[in-house]
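Asker: please work out how this folds:
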Amino acid sequence: MARPARQTVDAPGHDSFLDIVANIVGILIILVMVVGVRVKNAPIVAAIVGESREDDCEFEKDATTERSLYGDVLKVENEVRAVEVETLVQKQQRDALAVTMAAVEQEIQSRRQRMDTEAQRDFDLRRNLSVAQVRLEQLDRQRVEVETTPAEPTVVESYPTPLSTTVDEREAHFQLRGGRVAFIPWEGLMNRVVDDIRLKGPTLFNSPEISGTLGPEGGFRIRYKRSRNDIFVELIPVARDLGETIDEALSDGSEFRRALARFHPERSAVTFWTYPDGFAEFRRLKEETFLQGFRTAARPLPHGLHISGSSRGSKSSAQ
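Answerer: Numbers count the residues shown, from 1 in each chain. Got it, this is the predicted structure:
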């Protein structure tokens, strides 16, 4: 028996359903893109708006400052004009007084010329007397002002030993240079020289002199030359800014005060080797050493010359 032919029948509305799904997906994609664009642009717009507000505030501040400065300029300009007007008025008054004085002087001279010789002499005497009285009144006013104004007392510094004497006792040596004071370890350096000469002493029999450079000690090197009849020593500072400033030296616990404490005022003197830029500081240090009971000596030195001495040199003179 023959089978009946199969007929294919599509379900009604299938294509329409697919169209609806595609449209919904397309709409969702479009919405996502729109939202993404808005989210992306939103901070930029906010930043631009914020920057615009900041620029407006800054512009307002600048405008306020400009208006204030402009007002100050106008005020100064008005003051200048007022001064110019006052100057012009004063000049006109001065010119008017000069004209009046000239007219009065001319009138006086005219009247004098109409007088006889005796009357002119009398006129000149009375005129000179009037001028002298005016000058006398001015001097009286100045005298009264001077007498009523209290005079400031004058302080005179004095020292009990104004005469200097040769230093034969122990000395504390200091260098004054560039506004700074530095202690010179003179005894320690000289002891080094003596020890070195003892070691090299035998060579003096075969050579005219011996020499050497020792140190540094306390910021100084010592250079010496020893001949058969003389010895010469020279101190060489290792730096230009040795020591302390004067204010530091006069303060409590300074190196200057600690160095002075090694010496006894009644058995020692203080010698300041002073360069030209240390004379003012020497006066202050001399006052301090005087208060501590020391006699003080000054040894001036020109710029470029080192502190030196020899067995044929002179001793310090202290006050």
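
Asker: ranges for the helices of this protein?
Answerer: 14-114, 117-148, 186-200, 246-249, 255-260, 279-291 (DSSP state H).

Asker: not counting its own residues, what contacts the shortest one?
Answerer: Residues external to helix 246-249 that are found in contact with it (C-beta atoms under 8 Å, 6 or more residues apart in numbering): 179, 180, 181, 243, 254, 255, 256, 257, 281, 284, 285. (Each C-beta comes from the backbone N, C-alpha and C, glycine too.)

Asker: list phi and psi for the fifth one.
Answerer: Summarising the backbone geometry of residue 254 under the convention degrees, to the nearest 10, its torsions are phi -80, psi 170.

Asker: surely it meets residue 244?
Answerer: Yes. Look at residue 254 against residue 244 with C-beta atoms under 8 Å: they come within range, at 5.9 Å.

Asker: can you give me the neighbour number for residue 213?
Answerer: By the criterion of other C-beta atoms under 10 Å, residue 213 has 12 neighbours.

Asker: if it is in a bridge, with which residues?
Answerer: residue 223 (DSSP bridges).

Asker: how about the contacts made by it?
Answerer: Per C-beta under 8 Å, 6+ apart, neighbours of residue 213: 221, 222, 223, 224, 236.

Asker: and the closest residue to residue 286 other than its chain neighbours, what are its bridge partners?
Answerer: Nearest residue to residue 286, sequence neighbours excluded (C-beta to C-beta, 6 or more residues apart in numbering): residue 296, at 4.9 Å. Beta bridges link residue 296 to residue 270, judged by DSSP bridges.

Asker: give the contact list for residue 296.
Answerer: Residue 296 neighbours (C-beta under 8 Å, 6+ apart): 269, 270, 271, 272, 285, 286, 289, 290, 318, 319.

Asker: out of the residues you listed, who's the most crowded?
Answerer: Busiest of the contacts of residue 296 [other C-beta under 10 Å] is residue 270, holding 26 neighbours.

Asker: that residue against residue 293, yeah?
Answerer: No. At 10.4 Å, residue 270 does not count as touching residue 293 under the criterion of C-beta under 8 Å.

Asker: ok, back up a step: I'd like the contacts of residue 296 as a markdown table, with pLDDT and distance to residue 128 appended.
Answerer: Formatted as a markdown table, the contacts of residue 296 follow (pLDDT from 0 to 100; distance: C-beta to C-beta, whole Å):
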| residue | pLDDT | distance to residue 128 |
| --- | --- | --- |
| 269 | 91 | 68 |
| 270 | 93 | 66 |
| 271 | 93 | 67 |
| 272 | 94 | 63 |
| 285 | 92 | 61 |
| 286 | 91 | 58 |
| 289 | 92 | 63 |
| 290 | 90 | 60 |
| 318 | 58 | 64 |
| 319 | 55 | 59 |
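
Asker: out of the residues you listed, which is nearest to residue 82?
Answerer: Nearest to residue 82 among those, counting by C-beta to C-beta, is residue 285 at 57.1 Å.
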